[in-house]
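Undergrad: based on what follows, work out the 3D shape:
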Amino acid sequence: MTRQLHLTGDPDADRLLSEDPLALLLGMVLDQQVPMETAFSGPLKIKDRLGAFDAATIAGCDPERFVEVCKQPPAVHRFPGSMAARIQAVCAAIVADWDGDAAAIWTKGDPDGREVLRRLGTLPGFGEQKARIFLALLGKQCGFTGTGWREAAGRYGEDGAFASVADIVDAESLARVRESKRAAKAAAKAAGGR
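TA: Below you'll find the predicted structure:
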């Protein structure tokens, strides 16, 4: 990881995201149906509540206990039960396939952008769009330089796209991303209403 991320408005949560690849990956897992700041603050809540933060610990935690960790106010996600299961499934995949090292997904074997996209797509909860957004985040803010990452990330990899969390570096860029998302939703709604 190469730069300080500014995704949550909480310096401690942003520091964890900047320093721990697993935290960043799990923030992306949580980034659905809640504000982005809530999603990317989730890893710090988990770390503080578990007292440890690594893929093996999270994957090996008793599922009922882990649901309680995620439910504790303020909740990690608005759907703490289902997201607790997803987080544990992602961590189990990281343990099984990447020796517990989340960063290996984008570093092991010097992969190109297309390969990292494929690897991300094998993780529970990572559909094509989420994988492309995370790849763009890696390339734009985390120092990933694999060949063809912008092309593999699609529109999220474009300079100045302001289409996702990959483009957020401050309050102004956050506002631009939110406006871009609103415009895209309105366009999709208008197209569906024809």
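Undergrad: what number of residues lie near R114?
TA: 15 (other CB atoms under 10 Å). C-beta here means a position set from N, CA and C on the backbone, and glycine is covered the same way.
Undergrad: and it, what does it touch?
TA: Taking CB atoms under 8 Å, 6 or more residues apart in numbering, we find R114 in contact with G148, E151, A152.
Undergrad: what of D159?
TA: No residues are in contact with D159 under the rule CB under 8 Å, 6+ apart.
Undergrad: now do it against K140, distance only.
TA: Using CB to CB, to the nearest Å, D159 is found at 8 Å from K140.
Undergrad: who wins for most neighbours among the contacts of R114?
TA: Neighbour max across those (other CB under 10 Å) = A152, 23 neighbours.
Undergrad: grab the nearest non-local neighbour of that residue.
TA: Among residues not flanking A152 along the chain, G113 sits closest, at 3.5 Å (CB to CB, 6 or more residues apart in numbering).
Undergrad: quick one: buried residues of stretch 142-151?
TA: Of all the residues in stretch 142-151, those buried under the rule 16 or more other CB atoms under 10 Å are C142, F144, G146, W149, R150.
Undergrad: and of the contacts of R114, the nearest to Q72?
TA: The closest of the contacts of R114 to Q72 turns out to be A152 (CB to CB; 37.4 Å).
Undergrad: distance of that closest one from G127?
TA: For A152, the distance to G127 - CB to CB - is 15 Å.
Undergrad: same thing with A175?
TA: 26 Å.
Undergrad: quick one, phi psi at A136?
TA: phi -60, psi -40 (degrees, to the nearest 10).
Undergrad: that one against F162, yeah?
TA: No - the criterion here is CB atoms under 8 Å, and A136 misses it with F162 at 11.4 Å.
Undergrad: those two: who's more crowded?
TA: Relative neighbour count places A136 above the other of A136 and F162, with 27 against 18, counting by other CB under 10 Å.
Undergrad: measure that one to C70 for me?
TA: Where C70 is concerned, A136 sits at a distance of 27 Å (CB to CB).
Undergrad: now R86
TA: Distance of R86 to C70, computed by CB to CB: 10 Å.
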